[in-house]
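Q: Give me a 3D structure for the following:
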Amino acid sequence: MLELAALGFLYDERLHGYELRKKIAALTGHVRPIADGTLYPLLKRLEAAGYLERELEPGQVAAPRHMLVLTAKGRAELFQRLRRPDELFITDENRWFTVLAFLRHLDDPAQQAMVLRRRLTFLTQPASFFWDGDRPLRAGDFDDPFRRGLFTIATATSRTEIAWLRETLAELAG
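A: Purely as a prediction, here's the structure:
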């Protein structure tokens, strides 16, 4: 998730590591804050893979800064991850939001639609947090107000997303 976010933000613009960390934290920070001990090893791996380069830029007031720049190989990797996200990026809400944040970078509406259809298929399959044998349990099956709340919120969120997916797929097809 962090790699995809880094590739996506660096596709948008050259960034200093601190600026990149702030952007990633704004996107994913509610899930897990981004520490330097997480970001900088990630950046070294992306650089070693040839996905990004560091360019020295004169500082405005202080010492020169290392700017992170996405390479052609990094752009290709970003596009590959967006065209064919791993299953976890379709089924996990936080990872899915990271895909959505950068899906606009694919300039082919058919490829964008293919990714959205995968998410729609996932959301429209029978699912539940709790099961009674083969039967998925629903909010009305619980006397516990907290479990009812869990189901009520999840159902409303899913319905909203399904409506948005269908509307956006129609726009992409039109």
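Q: burial measure for residue 14, as a count.
A: 15 (other CB atoms under 10 Å). To be clear about C-beta, it is placed using only N, CA and C from the backbone, and glycine gets the same treatment.
Q: For this structure, which segments are assigned as strands?
A: Per DSSP state E, the chain carries strands over the ranges 15-16, 52-57, 65-70, 131-132, 135-136.
Q: chain center to the fourth one: distance?
A: Taking CA atoms, centre = their mean, to the nearest Å, the mean C-alpha location of strand 131-132 is offset from the chain mean by 30 Å.
Q: Could you spell out the sheet neighbours of it, each with its direction?
A: strand 135-136 (antiparallel) (DSSP bridges).
Q: could the strands of the chain be laid out in a markdown table, adding distance to residue 41 and mean neighbour count?
A: Shown next, in a markdown table, are the strands of the chain (distance: least, CB to CB, whole Å; neighbours: other CB atoms under 10 Å):
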| stretch | distance to residue 41 | mean neighbour count |
| --- | --- | --- |
| strand 15-16 | 17 | 18 |
| strand 52-57 | 13 | 15 |
| strand 65-70 | 14 | 18 |
| strand 131-132 | 39 | 10 |
| strand 135-136 | 41 | 12 |
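Q: any chance of those strands in TSV, plus distance to residue 26?
A: Converted to TSV, those look like this (distance: least, CB to CB, whole Å):
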stretch	distance to residue 26
strand 15-16	13
strand 52-57	20
strand 65-70	17
strand 131-132	36
strand 135-136	35
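Q: which residues are in contact with stretch 159-169?
A: Stretch 159-169 is contacted from outside by 113, 116, 117, 119, 120, 123, 124, using CB atoms under 8 Å, 6 or more residues apart in numbering.
Q: okay, the strands of the chain in TSV with mean pLDDT next?
A: Below are the strands of the chain laid out as TSV (pLDDT from 0 to 100):
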stretch	mean pLDDT
strand 15-16	92
strand 52-57	91
strand 65-70	91
strand 131-132	78
strand 135-136	78
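Q: any idea which of the contacts of stretch 159-169 is closest to residue 97?
A: Lowest distance from residue 97 to the contacts of stretch 159-169 (CB to CB) belongs to residue 119, with 10.9 Å.
Q: Residue 101 against residue 7, yeah?
A: No - the criterion here is CB atoms under 8 Å, and residue 101 misses it with residue 7 at 11.2 Å.
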